[in-house]
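Visitor: pasting the structure only:
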């Protein structure tokens, strides 16, 4: 078990918080890490993999206009993913991850490795941008691990 998973498990269990995830580029890896910890069913309530823009619109109720104007890989989309999955699941925390894992799909403005991770809690949403280096698997793993850290730091 990952030390970040264990740390977050202890925080969520102690504070009796619940959590839901909305993942795009990580394809469920964050949910997999969270549920690798025995007892995670106390806090992990829902994981949505919304890989396509259409899935983001249908499952997470993201406005198509937001995706069109800001791009699927943006601070605004990650934040809305986190807020809407939190609302959908009725949890204390919602997490949204969107990015470009590669090897293709990058642009000059948003190169491969660009990832936005958001955490929505109560009336506050925190979003961070990361620029990871490496291959697809490494970018996905670093994105999920960074999300664990962001949630733990936000709750600490």
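Guide: Ah, there it is. Remember, predicted model here, so these are calculated numbers, not experimental data. Residues are numbered from 1 along each chain as shown.
Visitor: contacts and neighbour counts: CA atoms only from here.
Guide: OK.
Visitor: Count the neighbours of the residue nearest to residue 92 when sequence neighbours are not counted for me.
Guide: Distances taken as Cα to Cα, 6 or more residues apart in numbering put residue 18 closest to residue 92, at 5.2 Å, once the chain neighbours are dropped. Residue 18 has 21 neighbours, counted by other Cα atoms under 10 Å.
Visitor: show me the contacts for residue 18.
Guide: Residue 18 is in contact with 12, 42, 43, 44, 45, 91, 92, 93, counting by Cα atoms under 8 Å, 6 or more residues apart in numbering.
Visitor: Surely the first one touches residue 40?
Guide: Read it as residue 12. No. Between residue 12 and residue 40 there is no contact under Cα atoms under 8 Å: 9.1 Å.
Visitor: Nearest to residue 135, out of the contacts of residue 18: which one, please.
Guide: Ranked by distance to residue 135 (Cα to Cα), the contacts of residue 18 are led by residue 44 at 28.6 Å.
Visitor: can you map out the strands along this structure?
Guide: For the chain, the strands defined by DSSP state E cover 19-23, 44-49, 93-99, 114-121, 124-131.
Visitor: These into a markdown table, with extra columns for distance to residue 60, mean neighbour count and mean pLDDT?
Guide: Converted to a markdown table, these look like this (distance: least, Cα to Cα, whole Å; neighbours: other Cα atoms under 10 Å; pLDDT from 0 to 100):
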| stretch | distance to residue 60 | mean neighbour count | mean pLDDT |
| --- | --- | --- | --- |
| strand 19-23 | 8 | 29 | 98 |
| strand 44-49 | 8 | 20 | 98 |
| strand 93-99 | 10 | 30 | 98 |
| strand 114-121 | 14 | 26 | 98 |
| strand 124-131 | 16 | 15 | 97 |
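Visitor: Adding distance to residue 155, write those strands out as a markdown table.
Guide: Shown next, in a markdown table, are the strands of the chain (distance: least, Cα to Cα, whole Å):
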| stretch | distance to residue 155 |
| --- | --- |
| strand 19-23 | 12 |
| strand 44-49 | 15 |
| strand 93-99 | 10 |
| strand 114-121 | 9 |
| strand 124-131 | 11 |
